[in-house]
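Peer 1: quick one: sequence and predicted model below, then my questions.
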Amino acid sequence: MIGRLNHIAIATPDLQAAAQRYRDCLASPAQVSAPLALPEHGVTTVFVDTGNTKLELLEPLGEQSPIAKFLEKNPEGGLHHLCFEVPDLAVAITTVKASGIRVLGEPRIGAHGLPVVFLHPKDCGGVLMELEQTSATAG
């Protein structure tokens, strides 16, 4: 059901410093996006294109951000979630629910302008999973 790995999300307490580290030390400037605020998700994000996937750097946007809660437990930041592409998010949700995996909330539009949903980490081997529809026309 899942497709390719779209991105690996890394929470950071300092998005500017993390983006600069990737830009200056680990990637070319063209591979690091400008920051994008996503108030509906409570984050500001920067994407680093590695060629075969992306890294999503996440900084909390407000006190109620899920990333703020993550950073309370992990002050240095760290791996937050893995995002996999699916051809049809509605079908994927039905499939995972039927197999006993809990879906967290309702689908929302993600950073790429496509519908996304998160799966409960306790049902996914301790890893928070995000499913992202591969096009806006499915389902």
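Peer 2: Received, thanks.
Peer 1: give me the buried stretch members for stretch 52-71, please.
Peer 2: Of all the residues in stretch 52-71, those buried under the rule 16 or more other C-beta atoms under 10 Å are 54-61, 65-68, 70-71. C-betas here are computed from N, CA, C, even on glycine.
Peer 1: ok, those residues vs Gly42, which is closest?
Peer 2: Within the buried residues of stretch 52-71, proximity to Gly42 (C-beta to C-beta) peaks at Ser65, which comes in at 3.4 Å.
Peer 1: wait, what's in contact with that closest one?
Peer 2: Ser65 makes contact with Gly42, Val43, according to C-beta atoms under 8 Å, 6 or more residues apart in numbering.
Peer 1: same deal with Pro39?
Peer 2: Residues near Pro39 by C-beta under 8 Å, 6+ apart: Leu61, Gly62.
Peer 1: roughly how far does it sit from Gly62?
Peer 2: According to C-beta to C-beta, to the nearest Å, Pro39 and Gly62 sit 8 Å apart.
Peer 1: again, but for Ser99
Peer 2: In terms of C-beta to C-beta, Ser99 sits 34 Å off from Gly62.
Peer 1: any stretches of the chain with poor pLDDT?
Peer 2: By pLDDT under 70, the low-scoring segments of the chain are 27, 136-139.
Peer 1: any idea which residue of it is furthest from its center?
Peer 2: Relative to the centre of the chain, the most outlying C-alpha is that of Ala98, 23.5 Å out, by C-alpha atoms, centre = their mean.
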